[in-house]
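**Student:** Structural data only, the sequence is not supplied:
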């Protein structure tokens, strides 16, 4: 059983930056592709960014491309999400999620394809 714990959320002014972290425990980190999702009040949880198990490939939602960067440090069982040029539409609870590399295909943007989820960290962007 893999446990995921997010941190780094908070209140930031529009145009500012935050760096989220997600630390994994209880499993072999390199056996998982990692994704970030977010959920704004009253909205569905949506895909934000994903990184392949070996870091070779990344994917981003169109709304965050060129502003957010996902990375992983396997030696620390950690995945990061660097968020720049934040705006009010980025306000949400951010969740990290893990998908086993033994899944038939890497469905990085599909919620039900992920095996484990963190509890989330709140990001609030003020105007």
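**Tutor:** It's in. On a predicted model such as this, the values are computed, not experimentally measured, just so you know.
**Student:** from here on, contacts and neighbour counts on C-alpha atoms
**Tutor:** Fine.
**Student:** who does the residue nearest the centre of the chain bridge with?
**Tutor:** Residue closest to the average C-alpha location in the chain (C-alpha atoms, centre = their mean): residue 36, at 1.9 Å. Legend: beta-bridge partners of residue 36 under DSSP bridges are residue 49, residue 96.
**Student:** mind checking how far it is from residue 61?
**Tutor:** In this structure, residue 36 and residue 61 are separated by 10 Å, where distance is defined by C-alpha to C-alpha, to the nearest Å.
**Student:** so what sits against both of these two?
**Tutor:** Contact with both residue 36 and residue 61 is made by residues 47, 48, 49, according to C-alpha atoms under 8 Å, 6 or more residues apart in numbering.
**Student:** Tell me the one among those nearest to residue 125.
**Tutor:** Using C-alpha to C-alpha, residue 48 is the member of the shared contacts of residue 36 and residue 61 that sits closest to residue 125, with 16.3 Å.
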